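[1] Pasting a predicted model and its sequence here:
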Amino acid sequence: QKEVEQNSGPLSVPEGAIASLNCTYSDRGSQSFFWYRQYSGKSPELIMFIYSNGDKEDGRFTAQLNKASQYVSLLIRDSQPSDSATYLCAVGGFKTIFGAGTRLFVKA
Amino acid sequence: KAGVTQTPRYLIKTRGQQVTLSCSPISGHRSVSWYQQTPGQGLQFLFEYFSETQRNKGNFPGRFSGRQFSNSRSEMNVSTLELGDSALYLCASSLDRGTGGNTIYFGEGSWLTVV
């Protein structure tokens, strides 16, 4: 079992729709959770982080964390073509582990 | 505030050669991590340095090595290059390692092509 698992996609959504990206992790001791966006040929950039159970909103992005289920998700509202990228989930504890990423395509 | 700076950005090497990549972390950050990214393997953790000490190491052969200097700048070296070492090498820094994890910020990466 991988330490951090993401559906590789691609996930395709129409412009204006909600994109839902999911991530599960295996280490129950994990304490911090991050979402990064990576455009093709570029380095990952931080979108948001979440430490506590529940939802955290930042603009069009909402991160959701459920530690009991070892599950973290990222919702992107009003998806735009510029959101098309690979989204990496990262889980921090003793060290930060990255998932393989989910490719998102937003169709205009 | 300057971000994570990596040099060189692009380089081409021949099989058997060695390469050294450099990374300057965000000012004040003491933890530096290195990752290899290839299309088929995603982000693979190489190693992490904190206060000049290697604290974590991924599953890479001994040809991959690194070090950190007193000013937190870091270098990684790959010896006896193989074609499979062609990848984007990413350096990332964070304020501190800690048990809670810390936000990692990436540099733009060094693109290595081995021919």
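    Done, it's in. Computed from a prediction, not measured in an experiment: that's the story for all the values here. Numbers count the residues shown, from 1 in each chain, chains lettered A, B, ... in the order given.

[2] Is the residue most central in space within chain B within a helix or a strand, and which one?
    Central residue check for chain B by Cα atoms, centre = their mean: the C-alpha nearest the mean position is that of B:Trp34, 2.9 Å away. According to DSSP states H and E, B:Trp34 maps onto strand B:31-38.

[3] And for A:Asn22?
    strand A:19-25.

[4] What is the neighbour count of residue 61?
    No chain in the question, so chain A it is. For A:Phe61, the count of nearby residues is 17 (other Cβ atoms under 10 Å in any protein chain shown). In this view, the C-beta of every residue, glycine as well, is placed from N, C-alpha and C.

[5] oops, I was thinking of chain B
    10.

[6] which ones are touching residue 23?
    Chain wasn't specified; assuming chain A. With contacts defined as Cβ atoms under 8 Å, 6 or more residues apart in numbering or on different chains, A:Cys23 is in contact with A:Val4, A:Glu5, A:Gln6, A:Phe33, A:Tyr71, A:Val72, A:Ser73, A:Leu74, A:Cys89, A:Val91, A:Gly99.

[7] Wait, chain B was what I had in mind.
    By Cβ under 8 Å, 6+ apart, B:Cys23 lies in contact with B:Val4, B:Thr5, B:Gln6, B:Val32, B:Trp34, B:Arg73, B:Ser74, B:Glu75, B:Met76, B:Cys91, B:Ser93, B:Gly107.

[8] tell me which element the third one is part of?
    Secondary structure from DSSP H and E places B:Gln6 in strand B:5-7.

[9] With adjacent residues omitted, what lies nearest to residue 47?
    You didn't say which chain, so I picked chain A. The spatial neighbour of A:Ile47 that comes closest, neighbours along the chain excluded (Cβ to Cβ, 6 or more residues apart in numbering or on different chains), is A:Trp35 at 4.6 Å.

[10] looking at chain B here, not the other one
    Distances taken as Cβ to Cβ, 6+ apart place B:Lys57 nearest to B:Phe47, at 4.7 Å, with adjacent residues excluded.

[11] these two touch, right, that neighbour and B:Gln44?
    No. In this structure, B:Lys57 is not within contact of B:Gln44 by Cβ atoms under 8 Å, at 11.9 Å.

[12] picking up where we left off before, pick the one among the contacts of B:Cys23 closest to chain A.
    B:Gly107 (6.3 Å; Cβ to the nearest Cβ).

[13] Surely that closest one touches B:Val4?
    Yes. The criterion here is Cβ under 8 Å, and B:Gly107 meets it with B:Val4 at 3.6 Å.

[14] Mutual contacts of those two, please.
    Counting by Cβ under 8 Å, 6+ apart, the residues touching both B:Gly107 and B:Val4 are B:Cys23, B:Cys91, B:Ala92, B:Ser93.

[15] If you rank the residues you listed by neighbours, which is first?
    Within the shared contacts of B:Gly107 and B:Val4, most neighbours by other Cβ under 10 Å means B:Cys91, with 30 neighbours.
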